[in-house]
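> Sharing a model that was predicted from the sequence below.
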Amino acid sequence: MDFDSHHPFDSSNKELSEQDMKLKTRREIVALGVQLGKMNIVDWASKDEKEKACIGNNYKSACFFQAKVEQMRVQAQAQMVKKNSMTSQRTEEKRAAAEARKSRDARRTAAQVEYIRRTGRMLSSHRLISCVVVGCSNIAIHKKQN
């Protein structure tokens, strides 16, 4: 005698518990996918919930689960948008700093060129440093006075 044929209620409980296990596993996969930011995993793991559209004994839990998945998806997307905006802001700050550095170097070089044109001599390393800090015109005045 087959045990399942005499007790159909028990077999439906086994199927139900199997479905619950599958649902629980898929929920865990969705949670991990959202944590890792892998929306393709989340979509794959939640595709059955979309197809079933909250049917069966688990109507409330399935609907709650779908709402939770959607909320997690929205939060993950918001985090990605925030992360992208922070990255672009950092990039813009670095670009501005590089532009300022480039401009400062250009002014320094122009001052050195002007000094060389006026005096006909190259700056020594000590005067070169002074030229950057004080300005080349002051050095030329000090030299003429000596």
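Thanks, I have the structure now. Residues are numbered from 1 along each chain as shown.
> In what element of secondary structure is residue 121 found?
Residue 121 is part of no helix or strand when elements are defined by DSSP states H and E.
> Residue 74 versus that one, what's the distance?
Noted for residue 121: a distance of 68 Å to residue 74, by C-beta to C-beta, to the nearest Å. Quick note: C-beta positions are derived from backbone N, CA and C, even for glycine.
> got it, and residue 81?
Distance, residue 81 to residue 74, by C-beta to C-beta: 11 Å.
> cool, residue 93 as well?
According to C-beta to C-beta, residue 93 and residue 74 sit 29 Å apart.
> any idea of the pLDDT on residue 52?
Confidence at residue 52, expressed as pLDDT, is 56.
> hang on, I meant residue 45
The model reports residue 45 with a pLDDT of 70.
> Quick check: it touching residue 31?
No - the criterion here is C-beta atoms under 8 Å, and residue 45 misses it with residue 31 at 9.1 Å.
> Can you list the residue ranges for helices in this protein?
Using DSSP state H, the helices of the chain run over 3-6, 8-36, 39-45, 47-52, 59-119, 125-133, 136-145.
> which secondary structure elements does the longest one contact?
Same thing as helix 59-119. With contacts taken as 3 or more C-beta pairs under 8 Å, 6 or more residues apart in numbering; DSSP states H and E, helix 59-119 sits against helix 8-36, helix 39-45, helix 47-52, helix 125-133, helix 136-145.
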